[in-house]
Structure formats: C-alpha cells, structure tokens
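Visitor: For reference, the sequence and a predicted model appear below.
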Amino acid sequence: MAEDDLIRFLDKVQQLQQLAESLKLEPERRRQLADCQDHNSVVGLARQWGFDIGRRWGEQQTASRKEGNLLGQPLPSPGTESERTLIDGERWWLHLIHSNDFQTPQGQWLVQEESEWVLLLRGSAELMLKDPEELIDLSVGDPVLIDPRRPHRVERTDPDPGTVWLALYWRV
C-alpha cells in the first residue's frame with residue numbers, strides 16, 4: 001500500500017471511530033443513523049456532523065487534470081446528471097454519464113429501443129429494472145446489460161464527487 005493510501009485509510013478509520021464515540025454520547029444521533037436506508041444517507045448524515053467517511057477504498061481524491069480524462073469532468077448540479085457522446089458509429093454510440101445525487105423522477109421509467117450496456121467507473125448506484133423486477137446495486141467496475149424496451153430507472157447515485165458511467169448503446 002502506498003503511503004498516501006495508508007494515510008487516507010488511517011484517517012477514515014479515525015473518522016469512523018470518532019463517529020462511533022459520538023453515537024454513545026448522543027443517543028439521538030444513533031436513532032438518526034439507524035433511520036438511514038443506504039450508504040449515501042449515512043455519508044450525508046455523517047458529513048452534517050463533521051465526519052468525512054464517504055470515499056470508498058481506492059477512490060482517488062482528484063482525477064488527472066489531463067485534457068480528455070474521463071474522470072476529470074466537472075460535476076453536474078446536485079440532483080442532475082450530464083451526458084456526452086464520446087464516439088459513435090452508424091448504429092452504436094458510447095456515452096459518458098456523470099450523475100450527482102441523481103434519481104429518475106418518481107413514477108417515471110426509461111424505456112428505449114436500443115440495447116444498453118453500462119459500466120460504473122466511479123462511485124455507486126442503484127438501478128431498478130422491470131419485467132422481471134430486479135434491484136441492482138452497482139459499485140466501481142460493475143457492468144449491467146439492459147435489453148431493448150426493458151423499463152428501468154436510476155434509484156440513486158452518489159453525491160459529490162458523483163457517479164461516473166460509461167454507457168454503450170446499439171441498435172440491431
């Protein structure tokens with residue numbers, strides 16, 4: 001393990017220990033934490049209390065500043081996502097999607113004529129698919145294939161620094 005990684009790891013452990021101690025001293029915090037439904041809720045609540053526990057192992061603090069670096073793109077506004085075409089062909093296209101604490105609006109489903117393969121490059125996300133119903137929890141490196149016309153929606157993505165997806169679409 002590189003020295004920088006070790007320092008970040010030890011800092012996170014210290015933050016978690018301090019958070020755990022605060023739960024012993026303040027029972028209301030313990031109740032609020034118990035009410036959290038997912039990782040993002042826990043991280044957000046801890047941040048409100050002054051603890052930085054959000055970054056997952058192996059995530060870099062900042063991406064390379066080289067022009068064209070896919071992870072160095074600006075973060076969209078909270079609750080939104082940005083999408084851009086990286087390359088395309090006659091019946092296919094490759095998009096980079098950057099989400100910031102995003103969720104498909106309640107009751108809305110995405111249905112498309114194309115096949116879609118997504119790969120998570122940074123952060124985490126949850127997708128809900130229908131027919132059959134399936135909730136998929138994604139971490140860095142996880143791919144998902146979504147068949148044409150299969151209803152799906154984004155249930156959640158990470159807040160700052162966000163979730164970055166690579167999405168390949170194609171028509172047969």
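Guide: Noted; the coordinates are in hand. No experiment lies behind these values; they were computed from the predicted model shown.
Visitor: any idea how far V164 is from the nearest residue to P78 once chain neighbours are set aside?
Guide: Using CB to CB, 6 or more residues apart in numbering and skipping the chain neighbours, the partner closest in space to P78 is D101 (4.8 Å). (Glycine included, C-beta is placed from N, CA and C.) Note on D101: its distance to V164, by CB to CB, to the nearest Å, is 13 Å.
Visitor: And the two? Which one has more around it.
Guide: V164 (24 against 20; other CB atoms under 10 Å).
Visitor: residues touching that one, list them.
Guide: 70-71, 73, 96-99, 120-123 (CB atoms under 8 Å, 6 or more residues apart in numbering).
Visitor: where's it, which helix or strand?
Guide: strand 163-170 (DSSP states H and E).
Visitor: Any buried residues in that strand, and which?
Guide: 163-169 (16 or more other CB atoms under 10 Å).
Visitor: From the residues you listed, pick the one nearest E90.
Guide: Nearest to E90 among those is Y169, at 12.5 Å by CB to CB.
Visitor: Which of the helices or strands spans G44?
Guide: Using DSSP H and E, the secondary-structure element containing G44 is helix 39-48.
Visitor: Please work out which residues outside that helix touch it.
Guide: Outside helix 39-48, the residues that reach it (CB under 8 Å, 6+ apart) are 15, 19, 32-33, 36, 52-54, 101, 124, 156, 158-159.
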